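K.L.:
test case, fold it:
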Amino acid sequence: MADPNSRTAILAAIGGNSVVTVAKAVAFFMTGSGSMLSEAIHSLADVMNQVLLYLGVVKADRKADDEHQYGYGRERFIWALMSAVGIFFLGCGVTVYHGITGLLHPHELQAVGWAYGVLTLAFVVEAFVLVIAAKSLYALKGDAPFFEYLRTKADPAAVAVLLEDAVACIGVLIAFVCIGLSQWTGDPRWDAVGSLLVGALLGIVAIWLMARNRELLMGRAIPKDAQDIIKSIVSERPSVSRIVNFKSEIIDTQTYDVLIGLRFNGEELAKNNEARLKEAWEKGLADYDSFRSFASEYADQLMSAISAEIDAIESEVRAAVPEVKHIDIEPEVG
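P.N.:
Model (predicted):
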């Protein structure tokens, strides 16, 4: 289930960017600024993409059923990937196209006061939303360094909102500077340069988000620190001789699946039944039927000992790494 902080961040971003989109569109019609049009397109793309992100979060929270027995957690990655593609084509593509057009066919700006006023409003709103997104993610990072958490563990939907809001703030500053340069120098091509810079920023963010969600959709292994913790817990058990096989996969940001193949220490497991073994040895086994009965009973006791050990390992692993919701431990022989 998605953390409530992630939902809050996405909803705040949708609301804030909706207001900013309208304001920037009005400023574009008043000024004719290419940077303002780029900013309006940028904010509109943000709203549409954040709606996709929220839809992904809602769909991913559905409970597991017979058709999807591990749940729907990965659906958030699908919608986040769609959002990243939208940022690339709608945000980056259209903005860069408009910037190139502005360089080839520059035109004078009008009523630039509207642009400055709207950009100031936009920066305040975008910065407020950015703070909400950053706080929501910072509250979840635990002991991990913040940027490492964003790169490896954080919900891609919340990271996308954070990056989009960060780029939005930077984009407003770029537009402000480029419109100012156009006004100061009398050269409207500076305004087109602003469009190109904003488009480049959006492209970088989109490519990073596409790569991140692609990794998760393909079934990326759980973080290295989580792997090390699990391996350490298992290796320190006296009943375990060694780890033969270890595989892991991220189902969603709060759900890990782990498969461990173990070679158990038979001598250690036998200690649980040492009294029974000693009794059988001291009394002796009168005939084959007695031996067969003892062997059957001992096999049952040994299986119970292995089962209890597996349960203990699973409980310890889940306590240390709460994201491990699914764990399979397979005894190995040979």
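K.L.:
buried residues in the top helix by length along the chain?
P.N.:
When the chain is parsed with DSSP state H, its longest helix is helix 288-320. Neighbour counts over helix 288-320 (16 or more other CB atoms under 10 Å) mark 301-302, 305-306, 309-310, 313-314, 317-318 as buried. Quick note: C-beta positions are derived from backbone N, CA and C, even for glycine.
K.L.:
again with stretch 212-232
P.N.:
For stretch 212-232, by 16+ other CB under 10 Å, it's 212-213, 216, 222-223, 226-227, 229-230.
K.L.:
pLDDT and distance to residue 141 added to the residues you listed, as CSV?
P.N.:
Converted to CSV, the buried residues of stretch 212-232 look like this (pLDDT from 0 to 100; distance: CB to CB, whole Å):
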residue, pLDDT, distance to residue 141
212, 82, 16
213, 82, 20
216, 79, 18
222, 87, 16
223, 86, 12
226, 90, 14
227, 93, 19
229, 93, 17
230, 94, 20
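K.L.:
where does pLDDT dip in the stretch 101-250 of the chain?
P.N.:
Across the stretch 101-250 of the chain, the ranges flagged by pLDDT under 70 are 109-111.
K.L.:
re earlier: nearest to residue 14 among the buried residues of helix 288-320?
P.N.:
residue 318 (35.1 Å; CB to CB).
K.L.:
in what helix or strand does residue 330 lie?
P.N.:
According to DSSP states H and E, residue 330 maps onto strand 324-331.
K.L.:
contacting residues around that strand?
P.N.:
Outside of strand 324-331, the residues within contact range by CB atoms under 8 Å, 6 or more residues apart in numbering are 70, 226, 230, 245, 251, 255-264, 306, 310, 313-314, 317-318.
K.L.:
report the longest strand in the chain, please.
P.N.:
The longest strand of the chain (DSSP state E) is strand 240-252.
K.L.:
now that strand: buried residues?
P.N.:
Neighbour count says strand 240-252 has 240-241, 248-252 buried, by 16+ other CB under 10 Å.
K.L.:
what's the answer for stretch 316-334, then?
P.N.:
Buried, per 16+ other CB under 10 Å, within stretch 316-334: 317-318, 321, 323-325, 327, 329.
K.L.:
got the contact list for the closest residue to residue 219 other than its chain neighbours?
P.N.:
Taking CB to CB, 6 or more residues apart in numbering, and ignoring the residues beside it in sequence, residue 219 has residue 249 as its nearest neighbour in space, at 4.8 Å. For residue 249, the contacting residues are 219-222, 256-257, by CB under 8 Å, 6+ apart.
K.L.:
tell me the bridge partners for residue 249.
P.N.:
Applying DSSP bridges to residue 249 gives these bridge partners: residue 257.
K.L.:
returning to that earlier point: now for the buried residues of strand 240-252: which two are most distant?
P.N.:
Most distant of the buried residues of strand 240-252, by CB to CB, are 241 and 252, 33.5 Å apart.
K.L.:
including distance to residue 51 and secondary structure, could the buried residues of stretch 212-232 go into JSON lines?
P.N.:
Shown next, in JSON lines, are the buried residues of stretch 212-232 (distance: CB to CB, whole Å; DSSP: H, G, I helix; E, B strand; the rest coil):
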{"residue": "212", "distance to residue 51": "20", "secondary structure": "helix"}
{"residue": "213", "distance to residue 51": "17", "secondary structure": "helix"}
{"residue": "216", "distance to residue 51": "21", "secondary structure": "helix"}
{"residue": "222", "distance to residue 51": "30", "secondary structure": "coil"}
{"residue": "223", "distance to residue 51": "30", "secondary structure": "coil"}
{"residue": "226", "distance to residue 51": "32", "secondary structure": "helix"}
{"residue": "227", "distance to residue 51": "35", "secondary structure": "helix"}
{"residue": "229", "distance to residue 51": "37", "secondary structure": "helix"}
{"residue": "230", "distance to residue 51": "37", "secondary structure": "helix"}
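K.L.:
turn the residues you listed into TSV, columns for distance to residue 162.
P.N.:
Converted to TSV, these look like this (distance: CB to CB, whole Å):
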residue	distance to residue 162
212	12
213	15
216	17
222	22
223	19
226	22
227	26
229	27
230	29
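K.L.:
wait, which of these is closest to residue 196?
P.N.:
Residue 196 has its nearest neighbour among the buried residues of stretch 212-232 in residue 212, at 24.9 Å by CB to CB.
K.L.:
identify the residue nearest the closest one in space, chain neighbours excluded?
P.N.:
residue 156 (5.8 Å).
K.L.:
pretty sure the one you found sits against residue 79.
P.N.:
No - Residue 156 is beyond contact range of residue 79, at 9.4 Å (criterion: CB atoms under 8 Å).
K.L.:
which residues touch the residue nearest to residue 212?
P.N.:
By CB under 8 Å, 6+ apart, the contact set of residue 156 is 76-77, 80, 209, 212-213, 216, 253.
K.L.:
now for those residues: which two are most distant?
P.N.:
For the contacts of residue 156, the maximum inter-member distance is 14.2 Å, found between 209 and 253 (CB to CB).
K.L.:
on the three-state scheme, residue 71 is what?
P.N.:
Counting by DSSP: H, G, I helix; E, B strand; the rest coil, the backbone at residue 71 sits in coil.
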